[in-house]
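Asker: this one's structure only:
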Ligand SMILES: [Zn+2]
């Protein structure tokens, strides 16, 4: 929380996925700081590089990495 107040944004990625540590540009989005999937459709997953996908579900958008966030086996 203190980091979020100090930076004026909320980053929810692990330190190893921070833009500086990964050598990538910071996320530019009016909805906030660094995230793994939210509003990153088509962008590479920060963990595995697979393109993030999205779909509509109950009038909301769902974002996920199809490799890291597979449907559990039943
Ligand atoms: Zn992934």
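Answerer: Noted; the coordinates are in hand. All values reported here derive from a predicted model rather than from experimental measurement.

Asker: hang on, residue 61 in a helix?
Answerer: No - using DSSP: H, G, I helix; E, B strand; the rest coil, the assignment for residue 61 is strand, not a helix.

Asker: contacts only, for the residue nearest in space to the middle of the chain.
Answerer: With distances taken as C-alpha atoms, centre = their mean, residue 36 lies nearest the centre of the chain, 1.8 Å away. By C-beta atoms under 8 Å, 6 or more residues apart in numbering, the residues touching residue 36 are 12-13, 17, 45-47, 65. C-betas here are computed from N, CA, C, even on glycine.

Asker: tell me which parts of this structure are close to the ion?
Answerer: With the criterion set to C-beta under 5 Å from the ion, the chain comes near the ion through 45, 47-48, 50, 65, 67-68.

Asker: now do the strands in the chain.
Answerer: Secondary structure of the chain (DSSP state E): strands at 53-57, 60-64.

Asker: in TSV: those, plus mean pLDDT and mean neighbour count.
Answerer: TSV is the format used below for those (pLDDT from 0 to 100; neighbours: other C-beta atoms under 10 Å):
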stretch	mean pLDDT	mean neighbour count
strand 53-57	96	11
strand 60-64	96	13
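
Asker: select from the contacts of residue 36 the one having the most neighbours.
Answerer: Within these, most neighbours by other C-beta atoms under 10 Å means residue 46, with 23 neighbours.

Asker: could you find the closest non-adjacent residue to that one?
Answerer: Leaving aside its chain neighbours, residue 46 sits nearest to residue 17 (4.5 Å; criterion: C-beta to C-beta, 6 or more residues apart in numbering).

Asker: thinking again about what came up before, export the strands of the chain to TSV and tack on distance to residue 21?
Answerer: Output for the strands of the chain, formatted as TSV (distance: least, C-beta to C-beta, whole Å):
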stretch	distance to residue 21
strand 53-57	25
strand 60-64	22
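
Asker: residue 25 is nearest to which of the ones you listed?
Answerer: strand 60-64 (19.2 Å; C-beta to C-beta).

Asker: okay, now the sheet partners of the closest one, with direction.
Answerer: strand 53-57 (antiparallel) (DSSP bridges).

Asker: can you report how many residues neighbour the residue nearest to residue 44 when sequence neighbours are not counted?
Answerer: Excluding the flanking residues, the one nearest residue 44 by C-beta to C-beta, 6+ apart is residue 51, at 6.4 Å. Counted with other C-beta under 10 Å, the neighbours of residue 51 add up to 13.
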